[in-house]
Every structure is written in C-alpha cells, then in structure tokens.
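In: task: produce atomic coordinates for the following.
(chains A, B, C and D)
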2 protein chains.
Amino acid sequence: MDKRKAILEAAVELIAEKGYTHTSMQQIADSVGVSKGSLYTFFPSKEDLIISIYEHYQQLVFERAFVVGLDGNLPPYERFAKQFQVQFEGILEYKAYMKMHMRGESAQSSEKLEGMGHRMRGRLFSWLERNLIELYGEEIAPYKWDLMWMTQSIYTSYTGLMISSENELVPEQLGKHIVRQIDILAKDFLAGKSNPLLDDQMMRPFSVGMDREGAFTSFEKRENAWKSLYESIHQLDQSHYYLEVTDRISEESRKSNPDEIVMRGLFQLLKADDELNEKAQLLEMQLLPGSEH
Amino acid sequence: MDKRKAILEAAVELIAEKGYTHTSMQQIADSVGVSKGSLYTFFPSKEDLIISIYEHYQQLVFERAFVVGLDGNLPPYERFAKQFQVQFEGILEYKAYMKMHMRGESAQSSEKLEGMGHRMRGRLFSWLERNLIELYGEEIAPYKWDLMWMTQSIYTSYTGLMISSENELVPEQLGKHIVRQIDILAKDFLAGKSNPLLDDQMMRPFSVGMDREGAFTSFEKRENAWKSLYESIHQLDQSHYYLEVTDRISEESRKSNPDEIVMRGLFQLLKADDELNEKAQLLEMQLLPGSEH
DNA sequence: AATGTGTTTGACTCAATAGTCATTTTTACG
DNA sequence: CGTAAAAATGACTATTGAGTCAAACACATT
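Out: Residues are numbered from 1 along each chain as shown, chains lettered A, B, ... in the order given. A predicted model of the protein is given here:
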C-alpha cells in the first residue's frame, strides 16, 4: 500500500475538519497508524506536507474539466455545462480536500502556496475566457471580466454549498444552471443593456500569469497528448468510432480508480489504426505511466 | 483615549494581515504600546478579544443598509441599490475588519462565534428576501433561494475584490450593478425560462434563525425607533420637510464619526413638531446615548 | 507627605507541538 | 540463516505563545 498517499489522505481529512494549525503532526501520524518520525521520511516539514496535498489533489479536481473541453463532439454550450458538471463531480469526490481548500487557512502564506493559488485562479479564468469567447465571439471581450468574475463567484459559492451540506445538488443540473445564468447575463451585456464594471486595467492582478505554461507541467503534457489525439482522430474518416472509444477513455480516466485493464484495452483499439498509433501511445504513457513492458 | 478601542483596532489590523493564529497577544500589545498583561484586563482571553472585535464592527458595517431600507422616499429598486451602495461604503471604511472577516480563520470554532456568523448570514438572507418580495411580489417565492444565493455570492466576491485591491470600485456603481444583475436573473425566472435549483427544504440550514429577534438586540431597538419615526412622519402633512431632515440624520449617523452637535440640532428640528417629539426623542436616545441632561 | 486604590507591568509557568536522532525493527539478499 | 541496508520508532529538544501574578507604579484624597 502507498503510505505516502495514505498520509496525504489522512491529513486532508483532519485538516478539513480542524484546520491546518489545529492539526498536529502527531494526530496525522496516529490517524494513519505510523509514528510521527515516519512522516518526516515522506515530507520534510509540515508545510511541505500541505503543499504536497495541494499538488496531489489540485489536478485530480481540475484536470477533468479541461479534457471534456477538448471533445469537439458536443456543441459549445453543452460542452461548457458538461465541464462544470464534471468539475462538480470531482468536487463531490474529493470533498475533504475542497473543504480544506475552502477553509483557506494554511501555512503562513509561503511563496510556494501563494504561487499555486495564483496559478489555479489563472487557470480558472483563462478557462472561463476561452469558453466565453467560444460561445459569444470576440464581441464579448468588453464584458468578459464582469462575466468571469460573477461566474467565478457563483461557481465558488455553489461549491461551498455542495461540500458543506448533505443536500442533493446534482452536478449535472448545477452545471446547466450555471451556464444558463451566465448566458442570461452575457446576452444582457451584448444587448447593450448593462455596462461593464471591470476592465483589463482593474483586473491586471488576476490576468497576469493567466494561461501560462510551466504551471502544472505534468498536466500540460497530458493535455497536449489529449489534444493531439483528438486532432488526429478528426482527420480520420471513421472519426465517429474512434471518438467514441476516446470518450470512453476520457470517462474512465476521470474515475478516481480507473480500471487499468479497461484502459489498456481501449488504447489497444486506437492503436489498431496506424494513423493513431503514435498519439494513442503517447497519451497512454501519460495516463498509465507504469509497466509498459 | 479609549484603550479598549485602540486594542481592538490594532488587533484587527494585525489579524487582517497575518491571520488569527499567527498574531500573538504580544504583538498586539506591542502594536498598541501596552504590556501583554494589560490586554487581559480588557479581554479575558484571546478568543474573547476576537469575539469583541466582531461585536464591535459587525453592526458598524451592516446596520447602515437597514436604515436606508426604511426610507420610503426611494422607489424599491433604487432603494435596494442604495442599500448595497451604503453597505459597500461601510466595507470600504472598515477594510481591515472585512479583510479579517474574509480570511475566515479564527479561534477553533467557538460556540459564540459560530452563532454570530449564523445570525449575520440570517440577517443578510432575510434582508435580501424582504427586498426581493418588495420588488417582485410573492410570485418570486419559488425562485427566492436561487436568487438569494447567487446574490449573496456575487455580493461577497465583489466585497473581496473591493478590499483586496486598490482599484477604484465605486460603491454607487457597484450597488446599481448588482441590483441590475439580480433583476435580469429574476425576470428570467419569472418568465419561466429557468428552473430553480434550491428550495426551502435544501436551504433549511440557512433559513433557521432567519430574521429572528434576539440577535443584535441593541440594533433591533434602534431599527424600531427608526421605523416608528418614519411612520409618524409619513402621517404628517409636511412630511417632505421632515423626511429631508430625517434623511440627513440617517446620513450623519452612518458616518464613522457622526458630529454629535449636528445630530442634536437636527433632532431639535424634529422635536419642534409635537407629533414627532416622542419618536424623535426615542431615536435620539438610541443614537446618542450619552448625556441627555 | 502619607495612604490607599486601581492600573500596568513583564518575568514566569505551563502546555502544545514541530522537528531530531539514537536505537530498534523490518526487509532484502547472498 | 546471517548480515547489511532501509525504514520506523518514540523519547527528546527547542520554541512558541497563552495566560498568571506579585511587584511597581500612577494618581487621587486626606
């Protein structure tokens, strides 16, 4: 069993409940069933531990949505909603992590953590921006900050609602709901009925570092692998069949415990086609790094 | 000089910047220029200190808006916007407190603090509800939770934007902006184009304790004093003149350092009318408790 | 000046806890 | 097996910081 992962999971659970400062290394150790000293063979310090937690979970939660974004099968509006849905599903799955994250209280603002939060926000905003432009074209630009800001706040607050209570918020409905509300607000802006309040100048602190590579390098690689695979498929004649297979891979990979055998099988189907072989193998290596015999 | 107040202010400043756990009593003492021991003559514990901070500032920030709500001169829509505006002005004035509040991290969830947060949220929601019903009538009821939730999240996130950056968000514009967005969403709901996602059942945790007396008793009294004064004025013939005076009182009282002499003078104007004398005196006692000779 | 009252002080206690490291236990392998 | 390397342990150290309290101080009253 992976002890490192066990420690991360126990720590998330405790920190979500009691907060960073009120969770001692001893408690974490007890909860995992190892000694305190052992923790320090995996993480050089408490702060490193929480940073590792962020590194571990962040991608798990956010990567999902970006992959859905690449699937050209869905029309933009539905795809946007689906992305929210997938995101919410992720949040539900990693409830404890999100709780911890939303508490906000962590080590005294280390460089590293701050940079991480920064990148996360940047990613969220650039993702929203991409979707807005896809949906409404360039003419949405003057209103994008207002829309993005409101979307982000609604998204965040529904996230909080989702993880705090036991109520039955369905990710699918929630995704549709949010996109619907954005749509209403966007159309109102486009009709010239409201004036925007925020502009580039004002939002500079949020736009620097937006959509920058370097962040999430491992994720970046994976995203590119997906992208190039999808592109190759679209050039094919029987794209429909391969898209279906690829979507199935995407679905499986989004699970918290993807079935490796199923994945390997699905990849085998793609590799049958000479045109796709290379790209598929590339993605497979990204998703299933272990044992390529 | 009021040492107690000085301590509260220094503490807010420090806690806003570094967080509750990373601000020691020693630092607070140093910042005020007294000894650590002295703090304990004013506040029995660190936790009591932060609770006192909340008690001190909460009303300052939130009371304002409710008073504006009583002025029947403004049409509902404009009044709603004005209330937001006034709220944002308050937030700007007590930036450090809001920063501290938004950090969220405080003593390990004491009963008292939790109850306070609960009451605050309850007040916010019941205030929103009142305004929604005033604007759209009872038919808004099925959609009220969705609207309130989105409004609350937009409001909160703009608050964060306001206090975090030095950008020039103008409270007046912001107030109008928010009401405008609510209006768009509300009209869409009323047109039957969107379906609500939240309902009473789901939102029970937020609705219990909504609009309950007992919370903010001192404020409650003051609110009633305002209410009955406004009512008396409306029954008068020259209501216009007295309304103007009363609005001026309201404006003055909203300042962080109301001019007592001005206030007394304004009240004198009201007390000149026999019909108003009693109510005016009542409110005067609420607003200017000291030295009634 | 003397006395008394209330305030202020800062050295001290005491608990919590991050991080260390010599010792013990487990594992790996010849 | 036996032995060496790796991993795990928990007693120990060092630090931080909340809260205490006897002594010093300030100030008023007589």
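
In: correct me, but A:Ala96 touches A:Ala16?
Out: Yes - A:Ala96 is within contact range of A:Ala16, at 4.4 Å (criterion: C-beta atoms under 8 Å). C-beta coordinates here come from the backbone N, C-alpha and C atoms, glycine included.

In: which of the residues in stretch A:62-77 are buried?
Out: Across stretch A:62-77, burial judged by 16 or more other C-beta atoms under 10 Å in any protein chain shown covers A:Phe62, A:Glu63, A:Arg64, A:Ala65, A:Phe66, A:Val67, A:Val68, A:Gly69, A:Asp71, A:Tyr77.

In: I'd like those residues as a markdown table, with pLDDT appended.
Out: Output for the buried residues of stretch A:62-77, formatted as a markdown table (pLDDT from 0 to 100):
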| residue | pLDDT |
| --- | --- |
| A:Phe62 | 73 |
| A:Glu63 | 72 |
| A:Arg64 | 73 |
| A:Ala65 | 70 |
| A:Phe66 | 70 |
| A:Val67 | 72 |
| A:Val68 | 72 |
| A:Gly69 | 67 |
| A:Asp71 | 70 |
| A:Tyr77 | 92 |
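
In: just those now: which is nearest DNA strand D?
Out: A:Glu63 (29.2 Å; C-beta to the nearest atom of the strand).

In: just after the helix or strand containing the closest one, pick out the following helix or strand.
Out: A:Glu63 belongs to helix A:46-70 when assigned by DSSP states H and E. Scanning forward in sequence from helix A:46-70 by DSSP H and E, the next helix or strand is helix A:76-93.

In: count of residues packed around A:Glu284?
Out: Using other C-beta atoms under 10 Å in any protein chain shown, A:Glu284 has 21 other residues around it.

In: please report the distance of it from DNA strand C.
Out: 29 Å (C-beta to the nearest atom of the strand, to the nearest Å).

In: what sits against that residue?
Out: A:Met263, A:Arg264, A:Phe267 (C-beta atoms under 8 Å, 6 or more residues apart in numbering or on different chains).

In: same check, this time on A:Ser165
Out: For A:Ser165, the contact set (C-beta under 8 Å, 6+ apart) comprises B:Met202, B:Pro205.

In: same check, this time on A:Met98
Out: Contacts of A:Met98 were listed using C-beta under 8 Å, 6+ apart, and they are A:Val61, A:Ile91, A:Thr159, A:Ile163.

In: same thing but 10 Å
Out: A:Met98 makes contacts with A:Val12, A:Ala16, A:Tyr57, A:Val61, A:Gly90, A:Ile91, A:Leu92, A:Thr159, A:Gly160, A:Met162, A:Ile163, A:Ser164, as judged by C-beta atoms under 10 Å, 6 or more residues apart in numbering or on different chains.

In: out of those residues, which two sit at the greatest distance?
Out: A:Tyr57 and A:Ser164 (18.0 Å; C-beta to C-beta).

In: comparing those two, which residue is more hemmed in?
Out: Taking neighbours as other C-beta under 10 Å, A:Tyr57 and A:Ser164 compare with A:Tyr57 leading, 20 against 13.

In: the closest residue to the more buried one other than its chain neighbours: what secondary structure?
Out: Nearest residue to A:Tyr57, sequence neighbours excluded (C-beta to C-beta, 6 or more residues apart in numbering or on different chains): A:Tyr97, at 4.2 Å. Put simply, A:Tyr97 is helix when judged by DSSP: H, G, I helix; E, B strand; the rest coil.

In: number of residues surrounding A:Tyr97?
Out: Counted with other C-beta under 10 Å, A:Tyr97 comes out at 25.

In: list the contacts for the most centrally placed residue in chain A?
Out: Centroid-nearest residue in chain A, with C-alpha atoms, centre = their mean: A:Phe62, separated by 0.5 Å. Neighbouring residues of A:Phe62 by C-beta under 10 Å, 6+ apart: A:Val86, A:Gln87, A:Gly90, A:Ile91, A:Met120, A:Arg123, A:Leu124, A:Trp127, A:Phe216, A:Phe219.

In: distance of A:Thr23 from DNA strand C?
Out: From A:Thr23 over to DNA strand C the distance is 7 Å, taken as C-beta to the nearest atom of the strand.

In: where in the stretch 151-293 of chain A is pLDDT low?
Out: Where the stretch 151-293 of chain A drops to pLDDT under 70, the residues are A:208-220, A:254-259, A:289-293.

In: kindly recompute the last result at 90.
Out: Where the stretch 151-293 of chain A drops to pLDDT under 90, the residues are A:163-169, A:192-195, A:199-293.

In: can you count the residues close to the closest residue to A:Arg4 other than its chain neighbours?
Out: The shortest distance from A:Arg4 to any non-neighbouring residue, by C-beta to C-beta, 6+ apart, is to A:Phe42 (5.0 Å). Burial of A:Phe42 is recorded as 16 neighbouring residues (other C-beta under 10 Å).

In: what does the pLDDT read for A:Phe42?
Out: We have a pLDDT of 91 for A:Phe42.

In: ok, it - contacts?
Out: By C-beta under 10 Å, 6+ apart, A:Phe42 lies in contact with A:Lys3, A:Arg4, A:Lys5, A:Ala6, A:Ile7, A:Leu8, A:Val34, A:Asp48, A:Leu49, A:Ser52.

In: what's the PyMOL line that selects buried ones from those residues?
Out: Here is the PyMOL command that picks out the buried ones among those, judged by 16+ other C-beta under 10 Å:
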select buried, chain A and resi 7+8+34+49+52
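
In: so which of the contacts of A:Phe42 also contact DNA strand D?
Out: With C-beta under 7 Å from any atom of the strand as the criterion, those include A:Lys3, A:Val34 near DNA strand D.

In: can you list the residue ranges for helices in chain A?
Out: Secondary structure of chain A (DSSP state H): helices at A:3-18, A:25-32, A:36-42, A:46-70, A:76-93, A:95-103, A:111-136, A:144-164, A:171-190, A:204-207, A:217-235, A:239-254, A:260-271, A:274-287.

In: I'd like those helices as a markdown table, with distance to B:Pro142 appended.
Out: Shown next, in a markdown table, are the helices of chain A (distance: least, C-beta to C-beta, whole Å):
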| stretch | distance to B:Pro142 |
| --- | --- |
| helix A:3-18 | 34 |
| helix A:25-32 | 45 |
| helix A:36-42 | 52 |
| helix A:46-70 | 30 |
| helix A:76-93 | 22 |
| helix A:95-103 | 29 |
| helix A:111-136 | 28 |
| helix A:144-164 | 18 |
| helix A:171-190 | 15 |
| helix A:204-207 | 35 |
| helix A:217-235 | 41 |
| helix A:239-254 | 34 |
| helix A:260-271 | 44 |
| helix A:274-287 | 45 |
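
In: what's the residue of chain A positioned farthest from its centre in contact with, if anything?
Out: In chain A, the residue that sits farthest from the middle, by C-alpha atoms, centre = their mean, is A:Lys193; the gap is 33.8 Å. Counting by C-beta under 10 Å, 6+ apart, A:Lys193 makes contact with A:Lys187, B:Arg180, B:Ile184.

In: same check on A:Ile233?
Out: Counting by C-beta under 10 Å, 6+ apart, A:Ile233 makes contact with A:72, A:239-243, A:245-246, A:270, A:273, A:275-276, A:279-280.

In: quick check on the residues you listed: which are buried?
Out: Neighbour counting with 16+ other C-beta under 10 Å marks A:Ser239, A:Tyr242, A:Leu243, A:Val245, A:Thr246, A:Leu270, A:Asp273, A:Leu276, A:Lys279, A:Ala280 as buried within the contacts of A:Ile233.

In: rewinding a little: for PyMOL, what selects the buried ones among the contacts of A:Met98?
Out: For the buried members of these, the matching PyMOL selection, counting by 16+ other C-beta under 10 Å, is:
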select buried, chain A and resi 12+16+57+61+90+91+159+162+163
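
In: hmm, back to that, among the contacts of A:Phe62, which one sits closest to chain B?
Out: Proximity of those to chain B was ranked by C-beta to the nearest C-beta; the top entry is A:Leu124 with 12.7 Å.

In: the spatially closest residue to that closest one that is not a sequence neighbour and A:Ile233, how far apart?
Out: In space, A:Leu124 comes closest to A:Gln152 once its chain neighbours are excluded; the distance is 6.4 Å by C-beta to C-beta, 6+ apart. Noted for A:Gln152: a distance of 32 Å to A:Ile233, by C-beta to C-beta, to the nearest Å.
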